[in-house]
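Chemist: Sequence plus predicted model, see below.
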Amino acid sequence: MSEQMQFRLPDVGEGLTEADIVSWHVKPGDPVTVNQVIVEIETAKAVVELPCPFEGVVSELLVEEGQTVDVGTPIIAVDVAGAAGAAAPAQPGATASVAAGSSGGSAGDAAGAGQDGTGPDEAGAAPAGEQRQAVLVGYGVRPGTTTRRRRKTMAVSAAAALPTPAPAPAASMTTAAPTAPAPATVTPVKSVPAAMTVRAHDGGGRALAKPPVRKLARDLGVDLSELSGTGPQGSITRDDIQHAVGGRTRVRSAEMSHGKAASGAAAAQPTPDQAARPGVSREERIPVRGVRKHTAEAMVASAFTAPHVTEFLEVDVTQTTEALQRVRGLPEFAGVRVSPLLFVARALLVAIARHPMINSAWDDGAQEIVVRNYVNLGVAAATQRGLLVPNVKDAHARTLPGLARALADLAATARDGRCTPADLTGGTITISNVGVFGVDAGTPILTPGEAAILAFGRIRDAAWVHDGELAVRKVTTLSLSFDHRIVDGELGSAVLRDVGQMLEDPVRVLAWA
């Protein structure tokens, strides 16, 4: 006998309450096994692959791709053979049970898995009375990419699935045996942990594309199965989507005037849509979900909770740019991309040590100011998913080469869309590099829970008085926004001035550190 089990959307941690269904990897009739990735979801902080916590045959997908669902919502129903022995019945109304593993450990540390990252009895059914667990991979590796970062893992208990009565008698379920999907094409990737999923396409022939690309395709009405990818391993890129949209042709009928067909030159006149951008509608509506939704809510809360003050300072960074060239040639920085951000980050860390109150937070509930004696340095990054602010943990304790590597890894992680919830939480102060966009200055909004954010603009040639003479120097503009409940004008000015002086003369870092 078989019994239908429903798998509810689990809480993947960090207090998140909802997620978007990005893409299903199974369909009704497909057999599934423990630890098989069945769906990709996007939370406000990361894209997560969910494994199936039990073995059986998919009977129904309860949520469609693109939908936003709350934690605890049933998302898939699976017919499980011998379910009574495979999982303990859950209480009615219970939500998914999630046991978080150590964020710094390997996949093998979760769910009793071995050191190679594989879970127990992945290929077969659970012995009677034994609870099964599946490894939940915080972020999978895509073909053509590798990562040195530790992955976040969790365990999803099979008891999280709620047994429900089968929708049809058992006899009707035996009329047609489920057809197994064609084997998925797998592209070999070096040094991929066994618990992490690597695939070129799924058993249904789904084209390879990252979740943001799939979302773009859905928003623009593009069928990925009709495209040939130009990315790594034949994956479909955003450019492929845009090219497909640009190649479409539309046939629009000319508007009729007074109920009669227009003639002559009037009939040949393009519609406003065609005159503006041929083949593209005048408006586009994009659902606000995931990171963009989270960012919007956070920015509104920050802007209308913390009273912002922004100060500006123009700085001669000629000596910093010269030091930058010398540092790039040192063997300690071999293989690391060293940018001006490294010197700005180091100067800010030294300024924080001299003025600890700038690295604090306002606890409204306790009516206390929390001064942090550590620095998790956030770096704002523009990505395909929207604005992300991953942070370097304990940046204050890192050497300059170590900080350079951490910043480079952080940038690569954000750019590739591999940030985990752990990467995006716990920040204490932020830097925003608006200079990479060719901008001189801005008024950055505080990251919620932080007292200050430093922005620095593009480095440009400018006329500058140097040693009493007019000269062409390398100049940038620093902008410091701070929470005026915590930071008064004197403290904010002192921090901004210190950072500026260290960028004007990098030797000050040695004197003040």
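Modeler: Looks like it arrived, so ask away.
Chemist: Show me which positions of stretch 70-79 end up buried.
Modeler: 71, 73, 74, 75, 76, 77, 78, 79 (16 or more other Cβ atoms under 10 Å). The way it works is simple: take the backbone N, C-alpha and C, and place the C-beta from them, glycine included.
Chemist: got a markdown table for those residues, with distance to residue 397 too?
Modeler: Formatted as a markdown table, those follow (distance: Cβ to Cβ, whole Å):
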| residue | distance to residue 397 |
| --- | --- |
| 71 | 35 |
| 73 | 42 |
| 74 | 45 |
| 75 | 42 |
| 76 | 44 |
| 77 | 49 |
| 78 | 47 |
| 79 | 53 |
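Chemist: So which residues of the chain form helices?
Modeler: For the chain, helices defined by DSSP state H occupy the ranges 83-86, 170-173, 211-220, 238-246, 264-268, 272-276, 290-303, 318-328, 340-354, 400-415, 421-424, 489-504, 507-512.
Chemist: Can you tell me which of those helices is nearest to residue 452?
Modeler: helix 489-504 (7.2 Å; Cβ to Cβ).
Chemist: So for that closest one, mean pLDDT?
Modeler: If you average the pLDDT over helix 489-504, you get 97.
Chemist: between it and helix 340-354, how big is the angle?
Modeler: 140 degrees (axes from the mean of the first three to the mean of the last three Cα atoms, to 10 degrees).
Chemist: rewinding a little: of all the helices of the chain, which one comes closest to residue 387?
Modeler: Nearest of the helices of the chain to residue 387, taken as Cβ to Cβ: helix 290-303 at 5.1 Å.
Chemist: hmm, back to that, mind putting the helices of the chain into CSV with mean neighbour count and distance to residue 466?
Modeler: Formatted as CSV, these follow (neighbours: other Cβ atoms under 10 Å; distance: least, Cβ to Cβ, whole Å):
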stretch, mean neighbour count, distance to residue 466
helix 83-86, 18, 76
helix 170-173, 12, 84
helix 211-220, 19, 46
helix 238-246, 15, 45
helix 264-268, 9, 64
helix 272-276, 12, 50
helix 290-303, 16, 39
helix 318-328, 15, 8
helix 340-354, 22, 19
helix 400-415, 19, 27
helix 421-424, 22, 41
helix 489-504, 19, 10
helix 507-512, 13, 17
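Chemist: and these, which one is worst for confidence?
Modeler: Among the helices of the chain, helix 170-173 carries the lowest mean pLDDT (a mean of 38).
Chemist: Dump the helices of the chain to a markdown table, plus distance to residue 434.
Modeler: Formatted as a markdown table, those follow (distance: least, Cβ to Cβ, whole Å):
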| stretch | distance to residue 434 |
| --- | --- |
| helix 83-86 | 54 |
| helix 170-173 | 60 |
| helix 211-220 | 23 |
| helix 238-246 | 23 |
| helix 264-268 | 47 |
| helix 272-276 | 30 |
| helix 290-303 | 16 |
| helix 318-328 | 17 |
| helix 340-354 | 12 |
| helix 400-415 | 15 |
| helix 421-424 | 20 |
| helix 489-504 | 15 |
| helix 507-512 | 23 |
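Chemist: Between these, which one is closest to residue 28.
Modeler: helix 170-173 (12.4 Å).
Chemist: ok, so of the buried residues of stretch 70-79, who is nearest residue 344?
Modeler: residue 71 (38.8 Å).
Chemist: Look up phi and psi at the residue lying closest to the closest one once chain neighbours are set aside.
Modeler: Closest residue in space to residue 71, ignoring its immediate chain neighbours: residue 11 at 4.9 Å, by Cβ to Cβ, 6 or more residues apart in numbering. With angles defined as degrees, to the nearest 10, residue 11 sits at phi -80, psi 110.
Chemist: Compute the distance between residue 11 and residue 43, please.
Modeler: 10 Å (Cβ to Cβ, to the nearest Å).
Chemist: just residue 57 next, same as before
Modeler: 28 Å.
Chemist: Residue 209 against residue 217, yeah?
Modeler: Yes. Applying Cβ atoms under 8 Å, one finds residue 209 in contact with residue 217, separated by 7.2 Å.
Chemist: what touches both of the two?
Modeler: 224, 236 (Cβ atoms under 8 Å, 6 or more residues apart in numbering).
Chemist: helices and strands of this protein: which one has the lowest mean pLDDT?
Modeler: Ranked by mean pLDDT, DSSP states H and E, the helix or strand of the chain with the weakest confidence is strand 98-100, at a mean of 35.
Chemist: Poorly predicted segments of this structure, please.
Modeler: 1, 13-16, 44-45, 82-207, 210-212, 232-233, 246-279 (pLDDT under 70).
Chemist: got the domain boundaries for it?
Modeler: 2-206, 307-512 (automatic domain parsing).
Chemist: if I look at residue 362, how far off is residue 356?
Modeler: Taking Cβ to Cβ, one finds residue 362 at 15 Å from residue 356.
Chemist: Actually, residue 459.
Modeler: Taken as Cβ to Cβ, the span from residue 459 to residue 356 is 29 Å.
Chemist: These two: which has the busier surroundings?
Modeler: residue 459 (18 against 12; other Cβ atoms under 10 Å).
Chemist: give the contact list for the more buried one.
Modeler: 317, 321, 340, 435, 474, 475, 476.
Chemist: Could you rerun that using 10 Å?
Modeler: 315, 317, 318, 320, 321, 324, 340, 435, 474, 475, 476, 477 (Cβ atoms under 10 Å, 6 or more residues apart in numbering).
Chemist: pretty sure the second one is in contact with residue 324, am I right?
Modeler: In this case it means residue 317. Yes. Counting by Cβ atoms under 10 Å, residue 317 does reach residue 324; the two are 9.1 Å apart.
Chemist: Now do the shared contacts for those two.
Modeler: With Cβ under 10 Å, 6+ apart as the test, residue 317 and residue 324 both reach 340, 343, 459, 506.
Chemist: which of those residues sit farthest apart?
Modeler: It's 459 and 506 that sit farthest apart of the shared contacts of residue 317 and residue 324, by Cβ to Cβ, at 14.3 Å.
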